[in-house]
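> sequence? don't have it. structure:
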């Protein structure tokens, strides 16, 4: 028996409502006949209402199921559906030929599915952390991403883990002849799976080999959990299975000034 | 003129023959071939052009699809018509001669149309906008529906169709509002002279930070604009995805007012004082209609509150 929320749950009985609390996210699942209704509340909007029922003005999303016999509600942690731009709160310099292993926490997205004998039906994905949008790249060739600030920790402590936070491990390697200022990182979260061990969530280790400003970085992701979570089992699939590619990963703060004032 | 008449005679000659004499001389075969060219050839040409247009639109963009479709359709149609005339025994040489002479006459009469056609090709080739983009042409803003031979048709946001000649677009300045994926929202904010400007700046940037739809990069800016008559003016500039520009603009504008009110930061506005000829005389008030309720509420003394000017904020 585990207290992890990342498992299958009974569907509420007819007319009942179940409440789930995952960090800043609270959501409710109600059943009305063969219909499942879900509404959510985020701590950024104030404290959630007490008790099992959501507020009266809750905005419900509704799904009519094929049936309710032998149907279960599955909660799966997945990583954000877009690239993540990670700003390091206290930037550091990675000297030429040096390596660094850093840890950062990313709020899981809760994938809510109804599973039964006929397979699974994904209903909705709810982010536990509400991330701001940002833009990565130039005005023509860039892409929309989520923004996250991190302390880029170099060591792990028990208090860093929460059931809704996914620990991402980055192995940075500066293969260029120049020093590398690590201020912002563009990480493609859609390629990462989620693993669980002892109630803690982990993503695969991402190895980033920086080769210079013009050459970009080689990025590689293992199919295994990082060594700190050896033996963890995969519970959340990656959105995309590309394991290795080359991309621009590092960005210096000076790049921001190019978006400055003036038409 | 003589050449024109000669060509007309040559073209008219076959028409002078009756259908029966044409059939006697040529048999049914040319008629059948001509009919087949029209019945099968034109739909086939249209189908090929349509397929190519869709294919190029899928692999490239709708703009190039349009160009490809037009470039394929019109030569095919021309070729079919030439073949049909050939099957029916028309001599093309005088026809082309006549067409050249007529072309000059028609050309003078249709300069605008020709200019629009050529401008249309320039627009398609230069691609200053594509089908689906939002453009602003001399104050008319809407979404581009089609880029046609003579004109561009846009749908305004109140759902009207506006036809803009291609020549106008080539000659005039217009704005493509949706060309780039991110846009800036500029909100003009004025605060009272007594306010702490560092605090104002911090409050505004907090607002941007709190709205997840405001892009963190390009970073939000608070730009000092100047000392105005009754306020210190800033421009609060935040960036948003073009699809969310309107929502962000509304949300930020409302948030600014709400938050500045909460923080007790004054947004001043110009005051107007009315005088009746002398600054010192009270403003006369005359009650036009006595309300029934006034019996319950004793009237205010005329020489006090009703003549008092409102205090400055």
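Great, that's in hand. Because the structure is a prediction, the values reported are computed rather than measured.
> where along the stretch 51-200 of chain B do the helices fall?
When assigned using DSSP state H, counting those that start in this stretch, the helices of the stretch 51-200 of chain B occupy the ranges B:62-87, B:92-109, B:111-126, B:166-171, B:197-210.
> can you put these in CSV and add mean neighbour count?
Just so you know, the C-beta spots here come from the backbone N, C-alpha and C atoms, and that holds for glycine as well. Compiled in CSV, the helices of the stretch 51-200 of chain B are given as follows (neighbours: other C-beta atoms under 10 Å in any protein chain shown):
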stretch, mean neighbour count
helix B:62-87, 17
helix B:92-109, 12
helix B:111-126, 16
helix B:166-171, 18
helix B:197-210, 16
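> Get me the contact residues on chain B for chain A.
Remark: the part of chain B in contact with chain A comprises B:180-182, B:209-219, B:221, B:223, B:237, B:239-241, using C-beta under 8 Å from any C-beta of the partner chain.
> Narrow those to those that are buried.
When burial is judged by neighbour count using 16 or more other C-beta atoms under 10 Å in any protein chain shown, the buried members of the residues of chain B next to chain A are B:181-182, B:211-212, B:214-219, B:221, B:237, B:239-241.
> re the thing from before, now tabulate the helices of the stretch 51-200 of chain B in JSON lines and tack on mean pLDDT and distance to residue B:31.
Converted to JSON lines, the helices of the stretch 51-200 of chain B look like this (pLDDT from 0 to 100; distance: least, C-beta to C-beta, whole Å):
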{"stretch": "helix B:62-87", "mean pLDDT": "83", "distance to residue B:31": "8"}
{"stretch": "helix B:92-109", "mean pLDDT": "74", "distance to residue B:31": "18"}
{"stretch": "helix B:111-126", "mean pLDDT": "83", "distance to residue B:31": "34"}
{"stretch": "helix B:166-171", "mean pLDDT": "90", "distance to residue B:31": "40"}
{"stretch": "helix B:197-210", "mean pLDDT": "94", "distance to residue B:31": "76"}
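> out of those helices, nearest to residue B:153?
Relative to residue B:153, the nearest member of these by C-beta to C-beta is helix B:166-171, separated by 10.9 Å.
> who does the closest one touch, helix- and strand-wise?
Using 3 or more C-beta pairs under 8 Å, 6 or more residues apart in numbering or on different chains; DSSP states H and E as the contact test, the elements touching helix B:166-171 are helix B:111-126, strand B:151-156.
> Which among those is found nearest to residue B:289?
strand B:151-156 (46.1 Å).
> between the closest one and helix B:111-126, how big is the angle?
Angle between the axes of strand B:151-156 and helix B:111-126 is 70 degrees (criterion: axes from the mean of the first three to the mean of the last three C-alpha atoms, to 10 degrees).
> among the residues of chain B next to chain A, which are in helices?
Those of those mapping onto helices are B:209, B:210, per DSSP state H.
> if we can go back for a sec, can you tell me which of the helices of the stretch 51-200 of chain B is nearest to residue B:44?
Minimum separation from residue B:44 across the helices of the stretch 51-200 of chain B (C-beta to C-beta) falls at helix B:62-87, 8.1 Å.
> Quick one: distance of the closest one to the chain centre.
Between the centre of helix B:62-87 and the centre of its chain there are 29 Å (C-alpha atoms, centre = their mean, to the nearest Å).
> same thing with stretch B:236-248?
Computed by C-alpha atoms, centre = their mean, the chain-centroid distance of stretch B:236-248 equals 19 Å.
> And stretch B:50-62, by the same measure?
If you compare the mean C-alpha spot of stretch B:50-62 with that of the full chain, they lie 23 Å apart, counting by C-alpha atoms, centre = their mean.
> try stretch B:283-292
Relative to the mean C-alpha coordinate of its chain, stretch B:283-292 is positioned 53 Å out (C-alpha atoms, centre = their mean).
> as a whole number, average confidence for it?
When pLDDT is averaged over stretch B:283-292, the result is 71.
> hmm, back to that, which of the residues of chain B next to chain A fall within strands?
B:182, B:221, B:223, B:237, B:239, B:240, B:241 (DSSP state E).
> out of the residues you listed, which one sits closest to residue A:38?
For these, the closest approach to residue A:38 (C-beta to C-beta) belongs to residue B:241, at 25.9 Å.
> Now the closest residue to residue A:36 other than its chain neighbours: phi and psi?
Counting by C-beta to C-beta, 6 or more residues apart in numbering or on different chains, the nearest residue to residue A:36 once its immediate chain neighbours are dropped is residue A:63, at 5.0 Å. For residue A:63, the backbone dihedrals are phi -130, psi 130 (criterion: degrees, to the nearest 10).
> For residue A:63, which residues are in contact?
Each residue near residue A:63 by C-beta atoms under 8 Å, 6 or more residues apart in numbering or on different chains is listed here: A:35, A:36, A:37, A:38, A:114, A:121, A:123.
> if you set the cut-off to 10 Å instead, what comes out?
In this structure, residue A:63 makes contact with A:34, A:35, A:36, A:37, A:38, A:112, A:114, A:121, A:122, A:123, A:124, judged by C-beta atoms under 10 Å, 6 or more residues apart in numbering or on different chains.
> can those go into JSON lines with extra columns for pLDDT, neighbour count and secondary structure?
Written out in JSON lines, the entries for the contacts of residue A:63 read as follows (pLDDT from 0 to 100; neighbours: other C-beta atoms under 10 Å in any protein chain shown; DSSP: H, G, I helix; E, B strand; the rest coil):
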{"residue": "A:34", "pLDDT": "88", "neighbour count": "14", "secondary structure": "coil"}
{"residue": "A:35", "pLDDT": "92", "neighbour count": "13", "secondary structure": "strand"}
{"residue": "A:36", "pLDDT": "92", "neighbour count": "25", "secondary structure": "strand"}
{"residue": "A:37", "pLDDT": "93", "neighbour count": "17", "secondary structure": "strand"}
{"residue": "A:38", "pLDDT": "94", "neighbour count": "20", "secondary structure": "strand"}
{"residue": "A:112", "pLDDT": "95", "neighbour count": "23", "secondary structure": "strand"}
{"residue": "A:114", "pLDDT": "93", "neighbour count": "20", "secondary structure": "strand"}
{"residue": "A:121", "pLDDT": "91", "neighbour count": "16", "secondary structure": "strand"}
{"residue": "A:122", "pLDDT": "92", "neighbour count": "13", "secondary structure": "strand"}
{"residue": "A:123", "pLDDT": "94", "neighbour count": "19", "secondary structure": "strand"}
{"residue": "A:124", "pLDDT": "95", "neighbour count": "15", "secondary structure": "strand"}
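> Closest to chain B out of these?
Proximity of the contacts of residue A:63 to chain B was ranked by C-beta to the nearest C-beta; the top entry is residue A:124 with 17.7 Å.
> where does residue A:75 fall, phi/psi-wise?
With angles defined as degrees, to the nearest 10, residue A:75 shows backbone torsions of phi -110, psi 120.
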